[in-house]
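Enquirer: need the 3D shape of this:
(2 chains)
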Amino acid sequence: MSATAESIEAMNANMSSSWSLWLRQIAAILRMEVEKNFLGRRAILIYLITFLPLFPLLILAVFTPPGNEWRDFQKYSIIYSVLYNGLILRTVVFFGCAWIFMNLFRGEIVDRSLHYYFLSAVRREVLVVGKYLSGLITSVILFTSLTVVAMLLLYLPHFWSQSIRFFLDGHGMGQLLSYAGITMLACLGYGAFFLVVGLFVRNPIIPALLLYGWEWLNFLLPPLLKKVSVIHYLNSLVPVPVSEGPFAVVADPTPAWIAIPSLLIVTAIVLVLSAYRIRHMEIRYGSD
Amino acid sequence: MPGPSVAQGEGLRSGEVEIYNSLMTTPIDQLIIFDDVSKFYGEILGVNRVNLNIAPGITSLVGPNGAGKSTLMNLMTGLLYPTKGKITLLGIPTDKPDTLFRKVGYCTQFDSFPRGVTGREFVTSFLLVHGYTRKEANQLTDLALERVNLVEAGNRKVAAYSKGMRQRIRLAQSIAHQPVVLILDEPLNGLDPMVRAETIALFRKLASEGLHLIISSHILHEVDMMSDRVVLINNGYIVAEGDIHGVRDEMQEHPMQILIRCDNPSKLAAQVFAQDHVVEARLHDDRGGLFVKTRDADRFYLLLNKVVSSGEVNIESVAPVDDDMSAVYQYLIGTTGGSV
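Expert: Numbering: from 1, shown residues only, chains lettered A, B, ... in the order given. From the prediction side, this is the model:
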């Protein structure tokens, strides 16, 4: 060890600058975690969830169902909005984020490998940031791609030339980018929520189902309670609003300049809470 | 039986004085200090009122399963936090992992790994998390794999390793960043005798380079072979600490047993029986030696010198028979400890 003592000292001296060190550490955590998220055994379920909405769209691409609405190009923006709201946002993104973000720490506790991170010379807050970003990158790549591919798959097979004009000259591109943006915000918000749930609760499925129920029942809630949800802010940003049915309690959508910062602020608060929890966390696999 | 502490310099016996002096001359930033540390898991006791000062060298934590050895190690490394008290390693509190693990390496007992990694990737990836560049991490990984003789197997998946190889790759991971304090929880478990001997030699080499090595083990003869000092723990309490012979000297309720090989054991027996500190003298089964139990080994050795110089008895050898880790363990903890 003595032969290399000087070079080790030199290596440690390179670590004096906190920010560059933290960035290097976050990059290292990101590399490991993103690889695990995409190629690990747990990724199989994520791929299944992500590709779920594509199967009906592929069938629709080949066989146009009977009914006039399927032959009217103008209706497709509403059809996609319904599909996006009901299947992609509320189901795929919700459960996909639940699986990805809960497993960031909970998965490692189950695998009994979290202690390797805790025994590294890294601030636990940096670990939270690295892990959260890895979940965010994974979910954004998967679900934003799904959002875009699903929209193109709905429009292009039936109305090729109209769709090309819609996306290149009309409102299509704007809508596509809005939906992609909403998906990213959903990953940000749901991701932070599920990260913290995975840290505090031994069986995170129960709080996930509770939130799922709350988000689905959002349309029945009085305006004030609607605001205590993620879906309310995301729905406020949807480019083509759809009716929530005859029993829905109507509330004004929150403007984008409030909705987006609100989601970001809540996400930041939840991340601070996660960092606090991780800082005081003990490794006791037996009791987890 | 509390061990020597920095605050209690007076009244120490010969074996302890050396340790006391070394603790007093070792700066605080080179000591591992447990200051009245207790850890409870709900209502279950982990460890209670632990006061320890550990100087560089090899220190073994010895005790039966569930005694609190791993709890003590996990407390030392911030994997657990004390319910009461304070722990510092080289002056660094355990809740500062970013500073602590520049100097500390911990090889736990958890035989689990991130999924799908090779041995090399396992070591390198956590060096990158430490903040080393890719080039530095690769260099350090090579050194660590070399130290544990896993260079050739480094590119194989950890999942395909034998238990001994998994143990060694975890050891490599814990020493890869060249720590000053190395904490090893049952590091010899699963190793075959040859690798065991090599690993003990590696520990001795690391200790000779000035490292702190804290090792938990229940293999008593290995503890005897490699430790500079021991900490005996049972039911969450420190039962004794110090160097093995010092601890044994302190145990006056258990007279020291000595075997004297000589040409006339009966005559020797008659002479030693006259001494008030000798509580038992018994002929060896082959009648070529004498077992003596004495409360004061120093006085007994003086007596032997007189016997030798008088020429009445020819003494071939003198050896304490319960001055080792097994005997200390048996006296203090009440069982015979573990074996290989």
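
Enquirer: all helices for the stretch 1-150 of chain B, in order.
Expert: Taking DSSP state H, counting those that start in this stretch as the criterion, the stretch 1-150 of chain B carries its helices at B:14-25, B:69-76, B:97-103, B:119-130, B:134-147.

Enquirer: adding distance to chain A and mean pLDDT, write those helices out as TSV.
Expert: Heads up, the C-betas are built off the backbone N, CA and C, glycines and all. Rendered in TSV, the data for these read as follows (distance: least, C-beta to the nearest C-beta, whole Å; pLDDT from 0 to 100):
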stretch	distance to chain A	mean pLDDT
helix B:14-25	22	57
helix B:69-76	7	95
helix B:97-103	4	94
helix B:119-130	4	96
helix B:134-147	5	95
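
Enquirer: which one of these lies nearest to residue A:194?
Expert: Across the helices of the stretch 1-150 of chain B, residue A:194 has its closest neighbour in helix B:119-130 (23.0 Å, C-beta to C-beta).

Enquirer: mind giving me the packing neighbours of that closest one?
Expert: Using 3 or more C-beta pairs under 8 Å, 6 or more residues apart in numbering or on different chains; DSSP states H and E, the elements in contact with helix B:119-130 are helix A:18-39, helix A:114-118, helix B:134-147, helix B:163-175.

Enquirer: what's the neighbour count on the nearest residue to residue B:294 once chain neighbours are set aside?
Expert: Leaving aside its sequence neighbours, residue B:294 sits nearest to residue B:300 (C-beta to C-beta, 6 or more residues apart in numbering or on different chains; 4.3 Å). Residues within reach of residue B:300, counting by other C-beta atoms under 10 Å in any protein chain shown, total 22.

Enquirer: among the helices and strands of chain B, which one scores worst on average pLDDT?
Expert: helix B:14-25 (a mean of 57; mean pLDDT, DSSP states H and E).

Enquirer: for residue B:258, what are phi and psi?
Expert: The main-chain torsion angles of residue B:258 are listed as degrees, to the nearest 10 and equal phi -130, psi 140.

Enquirer: OK, contacts around it?
Expert: The neighbourhood of residue B:258, defined by C-beta atoms under 8 Å, 6 or more residues apart in numbering or on different chains, consists of B:291-294, B:297, B:300, B:318-321.

Enquirer: would you mind confirming that residue B:60 is in contact with residue B:230?
Expert: Yes. Checked against C-beta atoms under 8 Å, the pair residue B:60 and residue B:230 is within contact range at 4.8 Å.

Enquirer: mutual contacts of the two, please.
Expert: Common contacts of residue B:60 and residue B:230 (C-beta under 8 Å, 6+ apart): residue B:223.

Enquirer: what parts of the stretch 51-200 of chain B come near chain A?
Expert: For the stretch 51-200 of chain B, the residues in contact with chain A under the definition C-beta under 8 Å from any C-beta of the partner chain are B:74, B:77-81, B:95, B:97-102, B:105-106, B:108, B:110, B:112-116, B:125-126, B:128-133, B:136, B:139-140, B:143, B:173-174, B:177-178.

Enquirer: which of those are buried, as a ChimeraX select command?
Expert: Of those, the buried ones can be selected in ChimeraX as follows, counting by 16 or more other C-beta atoms under 10 Å in any protein chain shown:
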select /B:74,77,78,79,80,97,98,100,101,102,105,106,108,110,112,113,114,115,125,126,128,129,130,131,132,136,139,140,143,173,174,177,178
